[in-house]
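> missing the sequence, but the structure's below:
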């Protein structure tokens, strides 16, 4: 199983200057490759390399490996764009969002991550240092730090490429780990359905509700503060807004880690699998009033689902994604579907059999049953890649 660990680098001022110059050169080159790909319609790696390799290597002073990684980075970006277009994640063709994404070349920020392979980067775990290629020569004895447990895993399980990244004034290496997996439970006796929402972040079919009230109040305060800072528009206000955005992201990430850990532990302990709704493209599918848009677009639906998926895979817990259609309107007892079954946000009352239940709990039972039926037919999810911070 693959995971990505983010390791913090501790460069000297001179080393930081060399890393900055390298990232800027690589991303300027990547922008040139991207513009060529957009103009010619050539986005596959091999054909794009034939068009741009020599120019990129000599113009920006890149080594052979760095030049190839720059070209592949641009090619991969267009592959991701094509996938998002096919999945409908960018809205309908002709929409403002779709046109903005497909109507111009993909661009890379000066500090965007740059891939490194083992010919360009070597690790010295005992000394907690790396040796890394830069446009100004190879940097040796570049220190790094992190949590002991994750650094031990880094030394034992690191495989493949690592990415150099500059973010919020800090330097990082994103290293890929190939971790051993627990033996999968191939015979679960049931599935825990998980309903994701706003009032309750996650509700399970075992009756556990992870309330979102406190988080929602905090998010509303964050939104108001961000609006005030943006209106002020001064340099100090922008710096404060940037720091606060990082704090928001860390808080949400921590909450999602705790919720996902509890759900997976319960499934593992009781010998069950986990069923989640397939919420891909939900922002484009649902119609919301303006006040609701900020709420749904600021909630990390995908992140929580990803955390549950990768923890489930590490624990050997089977997992499936089910169709989200009508899960909030279907009765978990008689399976009658009617929008009148949901008279209020928190109440479910079946108009056919009279069954009454908390709406989120009822939906989680529906999701769990759909998950079981999918499992019987042989469907199973794949855990996504994840970045951990060391």
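Okay, I see it. Since the structure is predicted, the reported quantities are computational estimates derived from the model, not experimental observations.
> Run through the bridge partners of residue 122.
residue 131 (DSSP bridges).
> Give the burial count for it, as a bare number.
The tally of other residues near residue 122 (other Cβ atoms under 10 Å) stands at 14. Heads up, the C-betas are built off the backbone N, CA and C, glycines and all.
> got it, and the one 10 residues further on?
Close neighbours of residue 132, defined as other Cβ under 10 Å, add up to 23.
> Contact partners for it?
19, 116, 120, 121, 138, 139, 142, 164 (Cβ atoms under 8 Å, 6 or more residues apart in numbering).
> Got the domain ranges for the chain?
Structural domains assigned to the chain are 2-178, 191-214+260-384, following automatic domain parsing.
> Now do the shortest one: distance to the chain's middle.
Right, the one you point to is domain 191-214+260-384. Distance, stretch centre to chain centre, for domain 191-214+260-384: 19 Å (Cα atoms, centre = their mean, to the nearest Å).
> swap in stretch 232-239?
Worked out by Cα atoms, centre = their mean, stretch 232-239 lies 29 Å from the chain centre.
> ok, now stretch 103-123?
On the basis of Cα atoms, centre = their mean, stretch 103-123 is displaced by 18 Å from the centre of the chain it belongs to.
> got the buried residues for it?
105, 106, 108, 111, 112, 113, 114, 115, 116, 120, 121, 123 (16 or more other Cβ atoms under 10 Å).
> Show me the residue at the heart of the protein, geometrically.
In the chain, the residue lying closest to the centroid (Cα atoms, centre = their mean) is residue 303, at 5.5 Å.
> Grab the nearest non-local neighbour of it.
Setting aside the residues directly before and after it, residue 303 is nearest to residue 256 in space (Cβ to Cβ, 6 or more residues apart in numbering), at 5.3 Å.
> Which SSE is immediately downstream of the helix or strand where residue 71 lies?
Taking DSSP states H and E as the definition, one finds residue 71 inside helix 64-87. The helix or strand immediately downstream of helix 64-87 is helix 96-102, counting by DSSP H and E.
> Name the residues of that following helix that come out as buried.
Under the neighbour-count criterion of 16+ other Cβ under 10 Å, helix 96-102 has 98, 101 buried.
> about what we covered before: strands - which of the buried residues of stretch 103-123 land there?
Counting by DSSP state E, those place 114, 115, 116, 121, 123 in strands.
> between those residues, which is closest to residue 329?
Using Cβ to Cβ, residue 115 comes nearest to residue 329 of those, at 45.9 Å.
> In terms of pLDDT, where does that closest one sit?
pLDDT, residue 115: 95.
> does it have beta-bridge partners, and which?
Residues in beta-bridge contact with residue 115 (DSSP bridges): residue 163.
> surely it meets residue 163?
Yes - with contact defined as Cβ atoms under 8 Å, residue 115 reaches residue 163; the gap is 5.4 Å.
> mind listing what residue 62 touches?
25, 26, 29, 56, 70, 135.
> Return the distance of it relative to residue 228.
44 Å (Cβ to Cβ, to the nearest Å).
> ok so, going back, flag every buried residue along the one helix or strand the residue nearest to the centre of the chain maps to.
Here residue 303 sits within helix 301-315, counting by DSSP H and E. Judged by neighbour count using 16+ other Cβ under 10 Å, the buried positions of helix 301-315 are 301, 303-315.
> Generate JSON lines for these, with distance to residue 80 and pLDDT as supplementary columns.
Putting the buried residues of helix 301-315 into JSON lines (distance: Cβ to Cβ, whole Å; pLDDT from 0 to 100) gives the following:
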{"residue": "301", "distance to residue 80": "19", "pLDDT": "69"}
{"residue": "303", "distance to residue 80": "18", "pLDDT": "84"}
{"residue": "304", "distance to residue 80": "22", "pLDDT": "87"}
{"residue": "305", "distance to residue 80": "19", "pLDDT": "87"}
{"residue": "306", "distance to residue 80": "16", "pLDDT": "87"}
{"residue": "307", "distance to residue 80": "21", "pLDDT": "90"}
{"residue": "308", "distance to residue 80": "23", "pLDDT": "92"}
{"residue": "309", "distance to residue 80": "19", "pLDDT": "89"}
{"residue": "310", "distance to residue 80": "20", "pLDDT": "86"}
{"residue": "311", "distance to residue 80": "25", "pLDDT": "90"}
{"residue": "312", "distance to residue 80": "25", "pLDDT": "92"}
{"residue": "313", "distance to residue 80": "22", "pLDDT": "88"}
{"residue": "314", "distance to residue 80": "25", "pLDDT": "87"}
{"residue": "315", "distance to residue 80": "29", "pLDDT": "90"}
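> For burial, what's the neighbour tally of the closest residue to residue 177 other than its chain neighbours?
Leaving aside its sequence neighbours, residue 177 sits nearest to residue 157 (Cβ to Cβ, 6+ apart; 4.3 Å). The number of residues packed near residue 157 is 17, by other Cβ under 10 Å.
> gap between residue 157 and residue 361?
In terms of Cβ to Cβ, residue 157 sits 39 Å off from residue 361.
> picking up where we left off before, residue 36: which of the contacts of residue 62 is nearest?
Closest approach to residue 36 among the contacts of residue 62 (Cβ to Cβ): residue 56, at 9.5 Å.
> Now, the contacts of residue 62 that are in helices?
Using DSSP state H, the subset of these located in helices is 25, 26, 29, 56, 70.
> for the top helix by length along the chain, packing partners?
Assignment by DSSP H gives helix 235-270 as the longest helix of the chain. Contact here means 3 or more Cβ pairs under 8 Å, 6 or more residues apart in numbering; DSSP states H and E; on that basis helix 235-270 packs against strand 191-196, strand 200-204, helix 213-232, strand 273-278, helix 301-315.
> Could you point out which of the ones you listed sits nearest residue 52?
Of the helices and strands packed on helix 235-270, nearest to residue 52 by Cβ to Cβ is helix 301-315, at 33.0 Å.
> Next, the angle from the closest one to strand 191-196.
Orientation of helix 301-315 against strand 191-196 (axes from the mean of the first three to the mean of the last three Cα atoms, to 10 degrees) gives an angle of 160 degrees.
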